[in-house]
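Trainee: Structure here, sequence nowhere to be found:
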């Protein structure tokens, strides 16, 4: 019988796992277990509503969290807030799971280095917490990435051609012979979003307008420091990023101010309107959007480039406004005026040696403005060792800038690490997560209000039909409502009586998890109903 029960639980997991997950909240620690992360709706907005330029404890969407928790038996899931706590991040460490305010605790059967699935039958859950490797030169390091528009697609990016010595070969594999990299031997990272985004470390540094990276100290820029990020481009100026503008004109070209490549642009800083802001500074502007680290919730510093030699393609106006021009009729590169997008990481080094989380570009500005805006190599090294992602944007022909919002999602596998979020430490900065079962309904049931209700449904799981029984102390007006787990209403029937016994057909419904509720003006009670073949 125990074997049959286990087989049933595993079968139920297979048919309901896509819908029967939770929104996971990250309380401490960082990492993603090799899972593709996405915040719940509204987390991005909180970046601009709180101090600190970070979401301290972000919540991740269903099946998009850093640990795996799935419902396998909805009839026994506690109606509670629950926690998963790691006792460290080494492969030999384990985890525990407990109910807030309760006495019961379940401990992992294996270490996180093994990371086996664990069925917790008394709570009806399947849990998996597995430590993973960072960058190891394998292509599964890259997770799901996407380019999403809220409306008209108006923006494109230069795709890496892979053809040696051409300007469009801007992401270099080690086999090119142009650089001496000891990473990405399988060229896994050349293919991100069809070769339109790349780690800064792997971007070309030849003396070419299509070379987005500085040619020194590349070994200090670690692929292990890449993070999963969202880069958002928007017309909402309240969400724009104060940032440096980098000169990328080739050394043989007369750039504005005759400044060197990857120094600050030598033009007065501008405001969001593109006009000089009167600050007395040089080389600062606004990127129309922002970037956020999905593992930590930190807002990140950014920069964009301009080739001030290409004035006809907006290369000298201190505004992020790429054109659609790729090259001249004779084949010389223009690339929209060189408005490259840069995203900088925050790796927690010493304060004088690390680009911090978003500080309106002040750290980068302070380093690149040294020595009268002619910084030495040590100052530039402190900036570019933390450059993380880069792309070469191009306006689509026949379109205007900022016609719709754009979200670029870049996801990489990150191991669990210690990470402090708030002044109050709860788990020695080891990873700590929580979730609430009310995210998808209830456990056995959940009462809203004080009305005494008898409410049951059977068989569970159901196949072709479901029998429902409802009872009240006196006559009541109530609705019997069936919803999908994401809240879509499937059926609603209204009754006025004291007791009810009825049969609901379920033949036409897709297999999966549903929520059945009895609702009145002052009460509501819910049951989770899995439908199987």
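Mentor: Good, I have the coordinates. Values in this document were obtained by computation on a predicted structure and should not be read as measured data.
Trainee: Can you report how many residues lie near residue 29?
Mentor: Residue 29: 25 surrounding residues under other Cβ atoms under 10 Å. Backbone N, C-alpha and C define where each C-beta goes, glycine included.
Trainee: switch to numbering from 185
Mentor: OK, 185 is where the count begins now, so the last one is residue 213.
Trainee: pLDDT wise, what is it at?
Mentor: Per-residue pLDDT puts residue 213 at 97.
Trainee: Quick one: the strands in the stretch 485-634 of the chain, in order.
Mentor: Secondary structure of the stretch 485-634 of the chain (DSSP state E, counting those that start in this stretch): strands located at 486-490, 525-528, 571-575, 577-579, 590-594, 616-620, 630-632.
Trainee: Low-confidence bits of the stretch 435-584 of the chain, can you list those?
Mentor: Of all residues in the stretch 435-584 of the chain, those with pLDDT under 70 make up the ranges 533.
Trainee: Please apply the same query to the chain.
Mentor: Flagging of the chain using pLDDT under 70 yields the residue ranges 185-203, 259, 346-350, 357-367, 391-393, 533, 623-635, 670.
Trainee: in it, which strand has the most residues?
Mentor: Scanning the chain for the strand with the most residues, using DSSP state E, yields strand 649-668.
Trainee: What pairs with that strand, parallel or antiparallel?
Mentor: Based on DSSP bridges, the pairing partners of strand 649-668 within the sheet are strand 638-642 (antiparallel), strand 673-689 (antiparallel), strand 696-703 (antiparallel).
Trainee: what does it contact?
Mentor: Residues external to strand 649-668 that are found in contact with it (Cβ atoms under 8 Å, 6 or more residues apart in numbering): 203, 635-643, 673-691, 696, 698-705, 707, 713.
Trainee: before we move on, back to that, tell me which of the strands paired with strand 649-668 lies nearest to residue 456.
Mentor: Taking Cβ to Cβ, strand 673-689 is the member of the strands paired with strand 649-668 nearest to residue 456, at 43.5 Å.
Trainee: residues near residue 334, how many?
Mentor: Around residue 334 there are 10 other residues, counting by other Cβ under 10 Å.
Trainee: what's the closest non-adjacent residue to it?
Mentor: Once flanking residues are discounted, residue 334 sits nearest to residue 589: 4.1 Å by Cβ to Cβ, 6 or more residues apart in numbering.
Trainee: wait, what's in contact with the one you found?
Mentor: 333, 334, 335, 416, 417, 418, 419.
Trainee: Next one: it from residue 333, what distance?
Mentor: 7 Å (Cβ to Cβ, to the nearest Å).
Trainee: do residue 574 as well
Mentor: 21 Å.
Trainee: First-to-last residue distance for stretch 403-415?
Mentor: 25 Å (Cα to Cα, to the nearest Å).
Trainee: Which parts of that stretch count as buried, going by neighbours?
Mentor: Residues of stretch 403-415 classed as buried: 405, 406, 407, 409, 410, 411, 412, 413, 414, 415 (neighbour count, 16 or more other Cβ atoms under 10 Å).
Trainee: In strands only, show me the residues you listed.
Mentor: Per DSSP E, strands hold the following members of these: 413, 414, 415.
Trainee: The first one pairs with what?
Mentor: Pointing back at residue 413 there. Beta-bridge partners of residue 413, counted by DSSP bridges, are residue 477, residue 594.
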